[in-house]
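**Q** can you look at this prediction? I've put the sequence above it.
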Amino acid sequence: MLLRFYYFYCMMKKIIALFCICCYYNLFAQNSINHPLPSNTQLVWHDMEFYLFVHFGPNTFTNKEWGLGNEPEDVFNPTQLNCSQWCNIAKAAGARGIIITAKHHDGFCLWPSKFSTHTVKESKWRNGKGDVLKELSEACKQNGLKFGVYISPWDRNHPQYGTAAYNDVFVGMLKELFQRYGPIYELWWDGANGEGPNGKKQVYDWDRFKRTVAELSPNTLVFSDIGPHIRWTGNEKGIAGFTNWNLLDTAGFTPGAGAPSADTLNTGNIYGKNWIPAECDVSIRKGWFYHNDEDATVKTPQQLFGLYLKSVGRGANLLLNVPPNDKGLISAADSASLVEFKKLKESCFKTNLLKQAMIINKVHTNKTDFKREVGIHLQLKKPVLINCLVLRENIRNGQLIKKMNILVINNGEVVHTIPITTVGHKRIITFTRTEATEIALVITNAKGKPELLDTEGYLIEENLVENEK
């Protein structure tokens, strides 16, 4: 009898233990599954990191930023247009794609649209036979660059703007773009909504617009204040939030005036329900369109590097506007700065000082609450001078790290303690140059079990070190 009871007792212990293990793993699996994850197309987008914006149209010739829509079509006449030159400069800058303003608020179409009479077809440029989108899309393909399109739904020229019929017009234009010039990797929607030529504003049918794109080109990523795939970062300075979640709640919001606050767009939502990462748009010049009196405002390679640190270095992508001039060419000042920016970036990130470091501890998580975690501890073979770290989170599993302390250690003494919040696709941390023998990454708060990919360390020019705030 005693033997039978002991056997029963042992079996129950095993069953209870197995039950507890299953509950733990099921809980962890549920925790992981509940985190929004990027699509495969979004993962490719994250890896692009940097590409060019091209503002081009009648404003290039009228010296305006926002056209009125009543500009004569003949004003558009880029006599030396060379989209291959744009692509060559983009590649020389390290950019991986180009997004062009196919239609800005003035309503002028850079392609011969049958839904408007305010297009290149009505201009004298190339006797009305020109097509900027065709030339650029072909040049991008030939140069291995991705092709994207900005199209403003606001139209200060179209007579049907402000009526229900205009939504049909806009859908017709979208179909032309995808059927003639695809593949389009990113479609950029500006949420601006002012008055048209009849004095009325338009009620945009955003749901219909999104459905149209999804049907025509399911792999195209759509940008707006609220995505659905990429979000605005809340400013036009090219700067992502110090805290930058790839997550956003969009219920009840619309692009434009109905968007979340700039602060929310800048940081995202920590427990947002949708994976909608931030894109940082900024111009290399003072304005968005080319103005010859702004040649002196072209950002220096060092300024561009600083923007890179505060956009790509905070887990966002950098969309840098480089406007062609009235000849249809990117100017020498812009080109020179872009080329030197790439050289500067390559020089800074040429030698990974942590490549041969020994990993003492890898990331592991407390099994109870995910809130007290040990990170990676790297031991260097010999002391090195260092002032920059590059961290990456495995975002295939979501974005999980909430807080981390970075410890820069020299011969047992902590030289720098740098607190950060989010990591995401890439986090670049710069600090005052110091000698180091160890680097410790201590994750103090996370939403689940995070995974850090390889950590890199560099010695960059001291004048390039940015204050994180």
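**A** Ah, there it is. Numbering: from 1, shown residues only.
**Q** host element of the residue nearest to Leu400 when sequence neighbours are not counted?
**A** Nearest residue to Leu400, sequence neighbours excluded (CB to CB, 6 or more residues apart in numbering): Pro450, at 4.1 Å. To be clear about C-beta, it is placed using only N, CA and C from the backbone, and glycine gets the same treatment. Assigned by DSSP states H and E, Pro450 falls within no helix or strand.
**Q** same question for Leu318.
**A** In the assignment (DSSP H and E), Leu318 maps to strand 317-321.
**Q** tell me the buried residues in that strand?
**A** 317-321 (16 or more other CB atoms under 10 Å).
**Q** and the contacts of the helix or strand following that strand?
**A** As assigned by DSSP H and E, the chain's next helix or strand after strand 317-321 is helix 332-348. If you take CB atoms under 8 Å, 6 or more residues apart in numbering as the criterion, helix 332-348 is touched by 89, 92-95, 284-285, 295, 298-302, 304-305, 308, 322, 388, 458, 460-461, 464.
**Q** any idea what Trp232 is bridged to?
**A** Trp232 has the following beta-bridge partners by DSSP bridges: Glu279.
**Q** quick one, what contacts it?
**A** Neighbours of Trp232 in contact, by CB under 8 Å, 6+ apart: 223-225, 259, 265, 278-279, 281.
**Q** how near is it to Tyr185?
**A** 18 Å (CB to CB, to the nearest Å).
**Q** try Phe223
**A** For Phe223, the distance to Tyr185 - CB to CB - is 11 Å.
**Q** ok, Glu456 next?
**A** 27 Å.
**Q** which of these two has more neighbours?
**A** Neighbour totals were compared for Glu456 and Tyr185, and Tyr185 leads with 23 against 19 (other CB atoms under 10 Å).
**Q** show me what contacts the more buried one?
**A** Contacts of Tyr185 (CB under 8 Å, 6+ apart): 45, 97, 146-148, 219-221.
**Q** equivalent analysis for Arg156, please.
**A** Residues near Arg156 by CB under 8 Å, 6+ apart: 67-70, 105-107, 194-197.
**Q** which among the residues you listed gets closest to Asn40?
**A** Relative to Asn40, the closest of the contacts of Arg156 is His105; by CB to CB it sits at 33.8 Å.
**Q** tell me, how many residues neighbour the closest one?
**A** Residues lying near His105 (other CB under 10 Å) number 23.
**Q** try Glu215
**A** Other residues lying near Glu215 total 10 when counted by other CB under 10 Å.
**Q** do the same with Trp66
**A** 15.
**Q** need the three-state assignment for it.
**A** coil (DSSP: H, G, I helix; E, B strand; the rest coil).
**Q** if I look at the closest residue to it other than its chain neighbours, how far off is Cys83?
**A** Counting by CB to CB, 6+ apart, His105 is the residue found nearest to Trp66 once chain neighbours are left out, at 5.6 Å. Noted for His105: a distance of 23 Å to Cys83, by CB to CB.
**Q** Leu459 too?
**A** Applying CB to CB to Leu459 and Cys83 gives a distance of 39 Å.
**Q** same question for Gln179.
**A** 20 Å.
**Q** with Ala139 instead?
**A** Look at Ala139 and Cys83: by CB to CB, they are 4 Å apart.
**Q** one more: Leu453?
**A** 36 Å.
**Q** more neighbours: the two, which one.
**A** Taking other CB under 10 Å, Leu453 and Cys83 do not tie; Cys83 has more neighbours (24 against 14).
**Q** ok, that one - contacts?
**A** Shown in contact with Cys83 (CB under 8 Å, 6+ apart): 132, 135-136, 138-139.
**Q** of those residues, buried ones?
**A** Among the contacts of Cys83, those classed as buried by 16+ other CB under 10 Å are 132, 135-136, 138-139.
**Q** inside strands: which ones of those residues?
**A** Using DSSP state E, no member of the buried ones among the contacts of Cys83 falls within strands.
**Q** can I get those residues in CSV with pLDDT?
**A** What follows is the buried ones among the contacts of Cys83, written out as CSV (pLDDT from 0 to 100):
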residue, pLDDT
Val132, 98
Glu135, 98
Leu136, 98
Glu138, 98
Ala139, 98
